[in-house]
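A.B. asks: Give me a model of this one.
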Amino acid sequence: TCSVAKKELDDLEQWKQEHKPEPITLVPQRLGGNESEAQVRQNQQMILMQSKYQKKHKREEYIKAKKAAEEAEILKKKAIQREKAERLEVKKRQEEMQRREMLLEDQKYKTNELLNRLDMGLPKSDSCQIANPGPESTAW
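C.D. replies: Numbers count the residues shown, from 1 in each chain. You can find the predicted model right below:
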């Protein structure tokens with residue numbers, strides 16, 4: 001087993017030697033553009049400062065958007081509650097109207113019942129004659 005491992009290690013080393021990357025050759029050139037080091041550093045400083053403000057602005061926009069979404073959600077919930085309240089008010093009004101109608105019907109029924117009882121209790125007008133008092137009875 002030791003010889004097999006040694007052989008595999010030798011094969012690995014040989015494969016590495018065969019597949020060794022070649023050196024990179026680049027033509028030398030001036031990098032960094034036409035600006036001086038001081039200008040580049042100043043630009044980096046400006047970008048850094050601007051990035052702070054941009055982060056702050058982005059955070060403020062996020063907070064505004066979040067508040068607007070919350071406000072929209074609250075308005076939506078208020079509208080739903082208002083609609084429920086209006087439906088409840090309409091239902092109450094309808095129940096009140098039904099109650100009044102039932103009360104009026106009950107009153108009519110009771111009135112008719114009372115009148116019918118009074119009609120039955122009184123003798124008929126043609127069978128009962130009311131005596132007309134004379135003028136002498138009215139004078140004192």
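A.B. asks: show me the contacts for residue 88.
C.D. replies: If a contact means CB atoms under 8 Å, 6 or more residues apart in numbering, then residue 88 has no contacts. From N, CA and C alone the C-beta is placed, and that goes for glycine too.
A.B. asks: How far away from the center of its chain is the strand or helix carrying it?
C.D. replies: Element membership for residue 88 (DSSP states H and E) is helix 37-121. Put simply, helix 37-121 sits 9 Å off its chain's centre (CA atoms, centre = their mean, to the nearest Å).
A.B. asks: For that helix, what does the pLDDT average out to?
C.D. replies: Mean per-residue pLDDT for helix 37-121: 94.
A.B. asks: now do stretch 16-24
C.D. replies: Mean per-residue pLDDT for stretch 16-24: 90.
A.B. asks: how long is that stretch end to end?
C.D. replies: 18 Å (CA to CA, to the nearest Å).
A.B. asks: Distance-wise, check residue 82 relative to residue 88.
C.D. replies: 11 Å (CB to CB, to the nearest Å).
A.B. asks: And for residue 68?
C.D. replies: Note on residue 68: its distance to residue 88, by CB to CB, is 30 Å.
A.B. asks: swap in residue 31?
C.D. replies: For residue 31, the distance to residue 88 equals 76 Å [CB to CB].
A.B. asks: Could you do residue 102 as well?
C.D. replies: Residue 102 is 21 Å from residue 88, by CB to CB.
A.B. asks: what do you get for residue 118?
C.D. replies: Separation of residue 118 from residue 88 (CB to CB) stands at 44 Å.
A.B. asks: what do you get for residue 81?
C.D. replies: Using CB to CB, residue 81 is found at 10 Å from residue 88.
A.B. asks: cool, residue 116 as well?
C.D. replies: Between residue 116 and residue 88 the distance is 41 Å, computed by CB to CB.
A.B. asks: swap in residue 40?
C.D. replies: Using CB to CB, residue 40 is found at 71 Å from residue 88.
A.B. asks: likewise residue 2?
C.D. replies: Residue 2 sits 91 Å away from residue 88, taking CB to CB as the criterion.
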